[in-house]
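>>> sharing a model prediction with you, sequence too.
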Amino acid sequence: MLGLGALLWAQERPLVKIGKLQYGGGGDWYGNRASLSNLLKYVQQHAPIPVQLQEEVVRPAAPNLHEFSLLYASGHGNIEFSPEEVENLRKYLLRGGFLLIDDDYGMHEYAKRALLQILPEGQFQLIPDNHPIFHCYYDFPYGLPKVHEHDNKAPQLYGLFYQGRLVAALTYEADLGDGWEDPQVHKDPPEVRELAFRMGVNILCYVLTHAW
């Protein structure tokens, strides 16, 4: 759980903004249409974080990336960044930003490649279950929750670390965005959707208290 000081600090911040990343490469960045807005509503109702409820779409080369506490990308398949976008995302991450890539299915290897283009000197590795991202607000003793079944594999959260700091995360075999979607879209059970939302809260809380 977050300490009292961290909670008060989060409440005193300006409205926290999350940007939906419009990436290139052919992947469906526009999928999970209601996921991010639903997550923001959940955060507002369940955590002491003053979030901006309106979802904003942002391109990787945008000059205002620094306004977003977290950038969110999801989809299936390929994700690519131009040299200009790579440089801009690199500056964003090194200045305290955070990138969450939620692999809907088939995106893992493309996303890993893209992250290492942004920070080739970074360390891409599995985030262990005892990492603070799983315990900073809600407790996930077994790590990333399973939301949507694909290949009967365990859900995993990979991280890109730079000088010991987690600057980006990539979900695998979890599909958090499915759980954040409107309930009729994927028909996930309420308890599964609850876990997905809680993990989203944890990620945002971690970003606000560790990444910046």
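That came in fine, so what should we check first?

>>> C-terminal to the helix or strand of the chain with the lowest mean pLDDT, what's the next element?
Lowest by mean pLDDT, DSSP states H and E among the helices and strands of the chain is helix 4-12, with a mean of 50. Later in the chain than helix 4-12, the nearest helix or strand by DSSP states H and E is strand 18-21.

>>> distance from the chain centre to that following strand, please.
Between the centre of strand 18-21 and the centre of its chain there are 9 Å (C-alpha atoms, centre = their mean, to the nearest Å).

>>> low-confidence stretches in this structure?
1-13, 211-212 (pLDDT under 70).

>>> hmm, try it at 90
1-15, 26-28, 31-33, 48, 54-55, 77, 148-152, 184-188, 210-212 (pLDDT under 90).

>>> so which residues make contact with the longest helix seen in it?
The single longest helix within the chain, with elements called by DSSP state H, is helix 190-206. Under the contact criterion C-beta atoms under 8 Å, 6 or more residues apart in numbering, helix 190-206 has outside partners 2, 10, 16, 18, 38-39, 42-43, 46-47, 49, 51, 69-70, 100, 132-138, 140, 144-147, 166, 169, 176, 178-180, 183, 188. Heads up, the C-betas are built off the backbone N, CA and C, glycines and all.

>>> mark which of those are buried, thanks.
Buried residues within the contacts of helix 190-206, counting neighbours by 16 or more other C-beta atoms under 10 Å: 2, 10, 16, 18, 38-39, 42-43, 47, 49, 51, 69-70, 100, 133-138, 140, 144-147, 166, 169, 176, 178-180, 188.

>>> so which of these belong to strands?
Here DSSP state E is the test, and the buried ones among the contacts of helix 190-206 give 18, 70, 100, 166, 169 as lying in strands.

>>> who's in contact with residue 138?
198-199, 201-202.

>>> distance-wise, check it relative to residue 153.
According to C-beta to C-beta, to the nearest Å, residue 138 stands 23 Å off from residue 153.

>>> same check on residue 46?
As defined by C-beta to C-beta, residue 46 lies at a distance of 29 Å from residue 153.

>>> now do residue 205
Distance from residue 205 to residue 153, by C-beta to C-beta: 27 Å.

>>> of the two, which one has the most company?
A count of neighbours by other C-beta atoms under 10 Å puts residue 205 above the other of residue 205 and residue 153, at 24 against 11.

>>> skipping adjacent residues, who's closest to the more buried one in space?
residue 137 (4.4 Å; C-beta to C-beta, 6 or more residues apart in numbering).

>>> next one: residue 201
Computed as C-beta to C-beta, 6+ apart, the closest residue to residue 201 that is not its neighbour in sequence is residue 47, at 5.0 Å.

>>> and if you look at residue 32?
Nearest one to residue 32, counting by C-beta to C-beta, 6+ apart, is residue 177 at 3.9 Å.

>>> that neighbour: what's it in contact with?
Residue 177 sits next to 31-32, 35-36, 74, 102, 104 when contact means C-beta under 8 Å, 6+ apart.

>>> if we use 7 Å, what do you get?
Each residue near residue 177 by C-beta atoms under 7 Å, 6 or more residues apart in numbering is listed here: 32, 35, 74, 102, 104.

>>> and the furthest pair within these?
Based on C-beta to C-beta, the longest span within the contacts of residue 177 runs between 35 and 104 and measures 10.0 Å.
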